[in-house]
Every structure is written in structure tokens, then in C-alpha cells.
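Participant: Need the 3D shape of this:
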Amino acid sequence: MKVVDLDILYSALQEHGGKSGGPLKPAIVRKVHTALSLVFAQAVRWEWPARNPAADASPPKTYSGELEPPAAAQVRRLIEEAVKAEDGPLWAAYLLLAVTTGRRRGELCGLRWTEVDLEPGTAAIFRVVKIAEDNKLVIAGFPKSARGKATIALDEGM
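Facilitator: Prediction:
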């Protein structure tokens, strides 16, 4: 295999390597590159090819910059505007919970009122809601990591 073969593969994956021929995100293509790099590195150790073609390939770049959160005034204004909308109070409550806890969207969408205890000011994160291939919401079980399944403190202002 040549370096150009890997570059062609990465381009093809980005364009139509996903489900139903859709595009794959650059981060997923980078994972493919990492796996191939490991495979070729082992093959070189076994002296099958003379060198690792993945070492010179060009996988897509991924964004790894720091996230820049909005200023407190912007968040406050967003919540105030949400309250005015048709589903305002619910949307505003979700936004407030999101910005004060930092939890993932799917974790917050999986939260039920039975898991919120206002007296001590806690909420238990037990499940995650995801969007299935048919665009329906699915309860997908537990959060992404073991740390994700937790009881979180709620801000007194909530």
C-alpha cells in the first residue's frame, strides 16, 4: 500500500464513508488513520513492508482549539429571550440547567422530575437520550463515561 492510497481512502471516507453513504466527520477518519498506523507499525516490526505508509499520509485535520463559552451577560439575555418564547419556561429551565451544571445535552434530556430533589438541591443523571437513525429519540442507557452517571448539585437560583 502506498501513501497516496491512504490519502484517497481518507478523502473517500470523508465524502461518503458514513451510514447510507453520507460523510464521515474528520475526527472519525482520524481514528481510522490511527488504527491503520498501528496496523502498519506492527507489519513493519514483522518486516512485511519496509516502512509505514500511514506515517506520511494526510488524514484530515480536526479542530482541537479551546471552547470559548459565552459571556454571562449573553447567557442571561438568551435565557430572558427563551422565557418570552412559546415554550419559554421549559426552554429557559433547560438552558439554566445546562449552563449551571455543564452536563451534556443527552444527559439533561434524559433527566426526569423524579430524579430531581429540590430540598437538598440535587439531580441524578442516570440515562442519556440520543437521536436514532430514523430521527426518533431513544433512551440509550447510561452516560458516556462512568463519571457521567452521578448526582449533581443544583444552583440555589434554580
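Participant: Might you quantify the distance of the helix or strand of the chain with the lowest mean pLDDT from its chain's geometric centre?
Facilitator: None of the helices or strands of the chain scores lower by mean pLDDT, DSSP states H and E than strand 137-139, at a mean of 82. Centroid displacement of strand 137-139 relative to its chain, using C-alpha atoms, centre = their mean, to the nearest Å, is 16 Å.
Participant: That one packs against which elements?
Facilitator: In terms of contacts (3 or more C-beta pairs under 8 Å, 6 or more residues apart in numbering; DSSP states H and E), strand 137-139 is packed against strand 129-131. Quick note: C-beta positions are derived from backbone N, CA and C, even for glycine.
Participant: ok now the strand it packs on, how far from the chain's centre?
Facilitator: Per C-alpha atoms, centre = their mean, the centroid offset for strand 129-131 relative to its chain is 12 Å.
Participant: From the contact counts, what lies against it?
Facilitator: Using 3+ C-beta pairs under 8 Å, 6+ apart, strand 129-131 sits against helix 105-109, strand 137-139.
Participant: which of these sits most buried?
Facilitator: helix 105-109 (a mean of 17; mean count of other C-beta atoms under 10 Å).
Participant: contact partners of it?
Facilitator: Helix 105-109 is touched from outside by 94, 97-98, 101, 125, 127-130, 137, 140, 143, 148, with contacts defined as C-beta atoms under 8 Å, 6 or more residues apart in numbering.
Participant: picking that back up, can I get the helices and strands packed on strand 129-131 in a markdown table including distance to Gln74?
Facilitator: Compiled in a markdown table, the helices and strands packed on strand 129-131 are given as follows (distance: least, C-beta to C-beta, whole Å):
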| stretch | distance to Gln74 |
| --- | --- |
| helix 105-109 | 19 |
| strand 137-139 | 28 |
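Participant: backbone phi and psi for the residue nearest the centre of the chain, please?
Facilitator: Centroid-nearest residue in the chain: Arg104, 8.3 Å away (criterion: C-alpha atoms, centre = their mean). The phi and psi values for Arg104, taken as degrees, to the nearest 10, are phi -70, psi 150.
Participant: picking that back up, now do the buried residues in the following helix or strand past the least confident helix or strand of the chain.
Facilitator: The helix or strand immediately downstream of strand 137-139 is strand 150-153, counting by DSSP states H and E. By 16 or more other C-beta atoms under 10 Å, the buried positions in strand 150-153 come out as Ile152.
Participant: what lines up beside strand 150-153 in the sheet?
Facilitator: strand 122-125 (antiparallel) (DSSP bridges).
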